[in-house]
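Chemist: Fold the following for me, if possible:
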Amino acid sequence: MAARARCPECGSGSLVEDAHYAQQQLVCAACGCVLSEGLLTTTYTDEEHLREVAYSQSTGQKEQLSRCLQRGIRRVQDLCKVLQLPAVFEETAVSYFQRALQLPAFHLVSLEKKELLGGCCVFVTCRQHNWPLTMGTVCSLLYAKQDLFASVYLSLQKELGLSVPALSLADLVTTHLNSFRLFQPAANVPAPFLEDKEKLLARTLGIVELASETWLVTGRHPVPVVTAAAFLAWQSLRPGPRLCCPLARFCHLAGVDLPPPAHLRLRELLEILLGMASQLSWLRGFDLDKKTVVKHIGDLLQHRVFLLKNAFSQQDGEEQQDTAPGQGSPGRDPGSPSSRVAQEQGCPSAGRRRPGGTLRPLLPPCLLHPRKRLRAAAPSAPASAVTGDEPISDSEIEQYLRSPEEIRAFGRAKAWL
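Modeler: Numbers count the residues shown, from 1 in each chain. Next comes the predicted model:
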């Protein structure tokens with residue numbers, strides 16, 4: 001007769017079979033020690049080979065995604081759905097996020113930066129596919145600060161070695177105007193203020209290109225320039241009821257924020273337009289100001305290339321600007337086609353002046369309105385006349401000694417004194 005099994009821990013022979021989650025286990029009733037456990041089939045890879053595994057090994061924790069990774073993937077997918085991005089964008093952004101979380105650089109970062117990492121992956125994906133998306137749009141959706149988002153974005157770009165093309169100015173204009181609320185009828189938008197989206201976009205692009213050619217964009221944040229250009233384009237398309245609308249109200253009706261430098265960019269654009277308007281013959285008879293010049297923006301943009309070319313060519317000196325209307329510039333035949341075109345356009349080499357008599361030079365704003373002026377150096381005290389009788393220190397004399405004989409002679413002379 002076979003000996004009865006006993007518990008290896010306490011030696012008790014009272015062993016019972018207990019069903020734990022439909023799994024048979026042999027348990028000691030005295031001390032609770034589990035002597036053996038049954039087998040379960042897993043739903044993971046072992047089930048494909050019809051192999052049984054123990055209960056303690058059937059949880060499959062190694063094959064599950066971490067909670068942080070799952071939450072990040074859901075955040076990326078939700079952001080792509082909000083932005084209505086194609087499916088291939090979502091797959092690329094998710095792959096970037098999974099690759100980034102495997103890097104040690106993103107293991108010990110704060111939870112806030114990990115949440116922004118998903119937005120950075122979406123932002124990078126859109127830039128790589130030439131999809132117009134700004135950093136401010138992503139930050140507004142994630143309720144994040146732009147400086148923190150920019151730091152995570154730069155870290156992601158460096159760690160993954162991603163090549164991210166810059167967003168062109170035209171794409172930025174398109175993206176910014178897409179957020180305007182002036183294209184659909186609304187209760188808070190008067191009917192005369194509604195505008196066709198394509199017309200406003202085309203006119204705004206022309207004004208932004210003009211600003212770029214006159215150095216108004218270089219070194220500046222582009223959003224204030226685009227906002228000012230969109231405001232002028234909107235006014236010029238229907239100037240009658242819109243000229244009395246200020247920039248702040250325009251931004252309020254459009255549902256966009258008013259950046260503080262937009263007023264400065266608007267003033268600079270109006271100065272450029274006034275300078276161009278003074279060069280057109282059919283506008284010289286009008287007393288144009290910063291409001292009435294908006295009515296003629298369409299004509300100014302149509303002849304933009306010609307007007308700017310002539311304006312740039314007249315920055316050489318006052319003698320070229322004061323040339324008589326019947327004379328051409330040096331080296332140009334008055335009967336040549338180019339001279340006839342200039343005369344027909346009413347733009348002789350001397351006539352490009354504003355109504356006030358002065359022509360605004362088309363120079364970069366940093367040269368027209370420098371913020372920091374060089375301070376003149378304080379005059380130094382007048383140096384005393386050198387007579388040759390000034391005392392010479394011993395250390396200075398040693399700098400002129402070259403040979404050992406001179407050093408010994410100097411030592412003897414110093415001892416004798």
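Chemist: hang on, residue 89 packs against residue 129?
Modeler: Yes: counting by CB atoms under 8 Å, residue 89 does reach residue 129; the two are 6.3 Å apart. Any C-beta I mention is one placed from the backbone N, CA and C, and that applies to glycine too.
Chemist: Can you find the helix or strand of the protein with the lowest average pLDDT?
Modeler: For the chain, counting by mean pLDDT, DSSP states H and E, helix 337-344 ranks last in confidence among helices and strands (a mean of 42).
Chemist: Domains in this structure, by residue range?
Modeler: Per the TED database, the domain ranges recorded for the chain read 15-59, 67-165, 170-315.
Chemist: Would you mind telling me which of those is nearest residue 404?
Modeler: Residue 404 lies closest to domain 67-165 among those, at 60.8 Å (CB to CB).
Chemist: Endpoint to endpoint, the closest one covers what distance?
Modeler: Taking CA to CA, to the nearest Å, domain 67-165 runs 33 Å from one end to the other.
Chemist: Kindly report the same for stretch 101-111.
Modeler: End-to-end distance for stretch 101-111: 12 Å, by CA to CA.
Chemist: Go through it and flag the buried ones.
Modeler: Residues 101, 106 are the ones in stretch 101-111 that count as buried (16 or more other CB atoms under 10 Å).
Chemist: any residues touching it, and which ones?
Modeler: 68, 69, 72, 100, 113, 114, 117, 155, 159, 160 (CB atoms under 8 Å, 6 or more residues apart in numbering).
Chemist: From those residues, which land in strands?
Modeler: Using DSSP state E, no member of the contacts of stretch 101-111 falls in strands.
Chemist: any idea whether residue 210 is helix, strand or coil?
Modeler: helix (DSSP: H, G, I helix; E, B strand; the rest coil).
Chemist: And residue 285, by the same measure?
Modeler: Reduced to three states with three-state DSSP, the structure at residue 285 is coil.
Chemist: Relative to residue 278, how far out is it?
Modeler: Distance, residue 285 to residue 278, by CB to CB, to the nearest Å: 11 Å.
Chemist: Contacts only, for residue 170.
Modeler: Neighbour list for residue 170: 205, 208 [criterion: CB under 8 Å, 6+ apart].
Chemist: tell me the pLDDT at it?
Modeler: Looking at residue 170, its pLDDT is 83.
Chemist: swap in residue 218?
Modeler: Looking at residue 218, its pLDDT stands at 79.
Chemist: now swap in residue 3 and tell me
Modeler: Looking at residue 3, its pLDDT stands at 57.
Chemist: same deal with residue 359?
Modeler: pLDDT, residue 359: 46.
Chemist: still on that earlier bit, with distance to residue 417 added, can I get the domains of the chain in JSON lines?
Modeler: Shown next, in JSON lines, are the domains of the chain (distance: least, CB to CB, whole Å):
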{"stretch": "domain 15-59", "distance to residue 417": "99"}
{"stretch": "domain 67-165", "distance to residue 417": "70"}
{"stretch": "domain 170-315", "distance to residue 417": "67"}
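Chemist: Nearest to residue 410 among those domains would be which one?
Modeler: Of all the domains of the chain, domain 170-315 sits nearest to residue 410, with 61.7 Å by CB to CB.
Chemist: mind listing the helices for the stretch 101-250 of the chain?
Modeler: 111-128, 135-142, 146-160, 169-178, 197-213, 222-237, 239-242, 247-254 (DSSP state H, counting those that start in this stretch).
Chemist: just to revisit the earlier point, just want to know which of residue 285 and residue 278 has more residues nearby.
Modeler: residue 278 (24 against 8; other CB atoms under 10 Å).
Chemist: where's that one relative to residue 215, distance?
Modeler: From residue 278 across to residue 215, the span is 19 Å (CB to CB).
Chemist: same question, residue 200
Modeler: Following CB to CB, the distance that separates residue 200 from residue 215 is 25 Å.
Chemist: ditto for residue 14
Modeler: 94 Å.
Chemist: circling back: now the contacts of stretch 101-111: which count as buried?
Modeler: Among these, those scoring as buried are 72, 100, 113, 114, 117, 155 (criterion: 16+ other CB under 10 Å).
Chemist: What separation is there between the third one and residue 98?
Modeler: In other words, residue 113. Going from residue 113 to residue 98 by CB to CB gives 16 Å.
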